[in-house]
Every structure is written in structure tokens, then in C-alpha cells.
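A.B. asks: Fold the stuff below for me.
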Amino acid sequence: MGKYDFNEVVDRKNTYCTQWDYIEDRFGEADLLPFSISDTEFRVATPVLEVIQERVAHGVFGYSRWNHEAFKGSIIDWYKKRFDAHFDMDWVLYSPTVCYAISVLVRLKSAERDRVVVFSPMYDAFYSLIQENNRELVENELLWDNGTYRIDFERLEEQLQGAKILLLTNPHNPTGRVFQKAELAMIIEICERLGVFIISDDIHMDIVYGNARYTPILGLVENPTNMCICTSASKTMNTPGLMGSYLLVPDKLLREAFLKQLKQRDALSSVSILGMYATMATYNESADYVDELVVHLESNMHFLKSYIANHMPEIHFEIPEGTYLAWLDVSTLGVSKEVLQDALIHVGKVAIMPGETYGGKGFLRMNVACSRSKLVDGLERMHKAILTLRG
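C.D. replies: Sure thing, here's the model as predicted:
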């Protein structure tokens, strides 16, 4: 057993928790066991908790700066140690959230009515983010091929002609694909040839299983000015409530334009002090936590696969290459989304996101970043619901 107990059950009710206290907003019922929003049920690593407690005890929380070596250096060192990627500290920019950063970049690198290409199914927030910025959303549908997803490069090249931005997610939410170097190299080649800027949302980068390897896209070319990475430690450490993310932007002019938007237009340049300390403690002192977290999550994925095979063989599930999101193929159940959700909610009393939310008809997205006991409870509830749908 490791240093951290990821099977500890932490009661999150009555803490204004989106997943537990506001589950009724999405599912219409309050008394459900939730596997919905993508945060974890785990306490943060000891160094993160200690540094936050120490900072809170200080008692003063005035305006603070992020543009210093302590913050940016922790990020650069993490990439070097974790991914053997060597990036310039000047590339690091702060953003309150990943989606804010992407929204600003979409405005900076395209004009209204320009096309933004995204692999689908996709993270649901991208739909509104692109459309509310008055850009045209173009979906490149990943091909479901014998239990895995692959990129339709021929179709992608067609769609990128005349487009301004490719919005990549790596590892991919919700499918769990971790794109290989060869795939990323082909994406880069097409985008460079057609003058398309790449925004890579890599927030799930630390959660990778088996032989899969996360590759930061910026490390694959000598002069990566036509791309950037938007990410955060918050998905790994379960600190989204503290706010704080960052970008890696090699293009100096784009960095200056982003900072102008952040500070002068949106007045958001003062960092969340607790979010910044959490990021530094994650990257400087919590590698052991991340290692143990990945082992626990992969174990949960294997348990899920075994349970489904033994009790719900109608459902097809392959362990993803990354993320803590299980993408379950329920198409052979032969029922509509509405019928399936009605059974899950009213019979099983369990909340699992319908794949249609992400553009994946006939799927469910289940968050397994929880204790084993919660996962077992959820699967038993799911099984109870599925029994009512069998002819």
C-alpha cells in the first residue's frame, strides 16, 4: 500500500459541491449517486494541503503575482522530469481557467464566422465556447474502429482547408485516446501546410495508462510558434475550486496579445493565490501522489471492465489510454437515451452522463475517480437499471 489511500470515502455533501449538492440540476433528481462532472473524490496530496494551510494561516490574501520563476519554473521542471520535454520558461502564462484561455486564443487567432475544427465526440463546453464566440464549429468525427478511436486524416485535411484553428484535446475527453507521436506529427504537418493554428487542451496529461505515453505537441517541432498548450494541475490534484491554469505559448507576439486581453481587457491578471501555491506544490513535491493516483485509477478501470463483462455483457468497454473517464458503448441495449436515463435515474438511482452530451450517440461517460466502494455501489445500481431493460 502506498502513502495515499484513494479508497478513503470523503463526504462531500453540504460543501456546495457541484457533483453531489447540485446533481439535480442535470438529472432532475437529488438522491442520486453521481459519476458525472470530471473532478475526483480524493483529498489533495499532503504537500498541497500543507502549503495551503500555511498560506491560509498567514491571514492576508491581497493582490498577488504569478510572473516569477517559482511558479513558471515549477511547470517547466514538471514537463522536463515527467515528459522529458524541455520548454522555455518565458512560454508560461497564467490563466484563471483552461476554457478562458482557449476562448481568448480563439478570438486572437481567428475572426468571427471563421471555422474551428474539433475532434468529436468532444468536451461539451467546447460547443458553446466556439459558438458564443461566433465561430463556425466543424466536427471531425473520430472513427470507432474495433474498440478504439482513430483519426480520419483524409477528412481532417479537407475540413482544415480554409479553417483557422484546430482545437485538440490530448488525452482526449471523452474517448480516452492518448494520441501517438506519429498522429500528432501528421496533425502538425497538415496544420502548418494549411496555416491552421493548433490549440491543445492537455488538462488530462498526467492520467495515462499502460503503454500509452503523453507527448506534449510543442516538443515535436523545432519552432512551434503555430501552436500552444492550455492545461492545469487542477484535474490531476482535484483543485479546480482554487482556480488557476496556465498556457505554454512559444509565439512572443501571441503571448503579448494574450496578456493584453488578460490584464487590460478582462482585468484578470492577479492570480488566485491558493491556486498558484497548489500548482507549485503539485509539481515540486507531489509526483508520488500522481504515481499512486494513476495506479488506483487504472485498477478501477480494470475492475469496471471485469464487472461489465460478468454482469452487463451488452455493454462494450475498452480501458482507455488516458483520463479517468470511462466511455461505455451502450448501443446494443437497443433503447433510446431517454429510456436508458430514466432507468438509471429512477430505478438505479445513479447519475451517469449520456454520451449525447458530448456528441457520442449510444454511449455513457462514467467518472471512475473515486473509491472502489463507490464504484461498486454505482455499478450495482447500474446493473439494477439494466435488468429492467432486458427483454
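A.B. asks: just the CA coordinates of stretch 169-182, formatted as CSV?
C.D. replies: The C-alpha atoms that make up stretch 169-182 are tabulated as CSV, following Å, rounded to 0.1, in the frame of the first residue of the first chain:
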residue,chain,number,x,y,z
THR,A,169,-7.7,17.6,-26.7
ASN,A,170,-4.9,15.2,-25.6
PRO,A,171,-5.6,13.0,-23.8
HIS,A,172,-9.0,13.1,-25.4
ASN,A,173,-12.2,13.7,-23.4
PRO,A,174,-14.4,11.7,-23.5
THR,A,175,-12.9,8.8,-25.5
GLY,A,176,-9.6,8.5,-23.5
ARG,A,177,-7.4,8.4,-26.6
VAL,A,178,-3.8,9.5,-26.0
PHE,A,179,-2.6,10.5,-29.4
GLN,A,180,0.7,8.9,-30.6
LYS,A,181,3.7,10.9,-31.8
ALA,A,182,3.0,9.8,-35.4
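A.B. asks: Can you tell me what sits against that stretch?
C.D. replies: For stretch 169-182, the external contacting residues (Cβ atoms under 8 Å, 6 or more residues apart in numbering) are 38, 119, 121-123, 142, 148-149, 151, 168, 184, 187, 200-202, 204-205, 207-208, 212-215, 217, 220, 320-323, 325-327, 355, 358, 360, 363, 365. C-beta: built from backbone N, CA, C; applies to glycine.
A.B. asks: hmm, 6 Å instead?
C.D. replies: The set of residues that contact stretch 169-182 without belonging to it, under Cβ atoms under 6 Å, 6 or more residues apart in numbering, is 121, 123, 149, 200-202, 204, 208, 212, 214-215, 320-323, 325, 327, 358, 365.
A.B. asks: All the helices of the protein, residue numbers only.
C.D. replies: For the chain, helices defined by DSSP state H occupy the ranges 18-21, 24-27, 46-58, 69-83, 98-109, 125-132, 153-160, 181-194, 234-237, 252-259, 273-285, 287-311, 337-343, 372-387.
A.B. asks: quick one: the fifth one to helix 125-132, angle?
C.D. replies: Pointing back at helix 98-109 there. Taking axes from the mean of the first three to the mean of the last three Cα atoms, to 10 degrees, one finds that helix 98-109 is oriented at 30 degrees with respect to helix 125-132.
A.B. asks: Show me what helix 98-109 is packed against.
C.D. replies: Based on contacts counted as 3 or more Cβ pairs under 6 Å, 6 or more residues apart in numbering; DSSP states H and E, the elements that helix 98-109 packs against are strand 197-201, strand 227-231.
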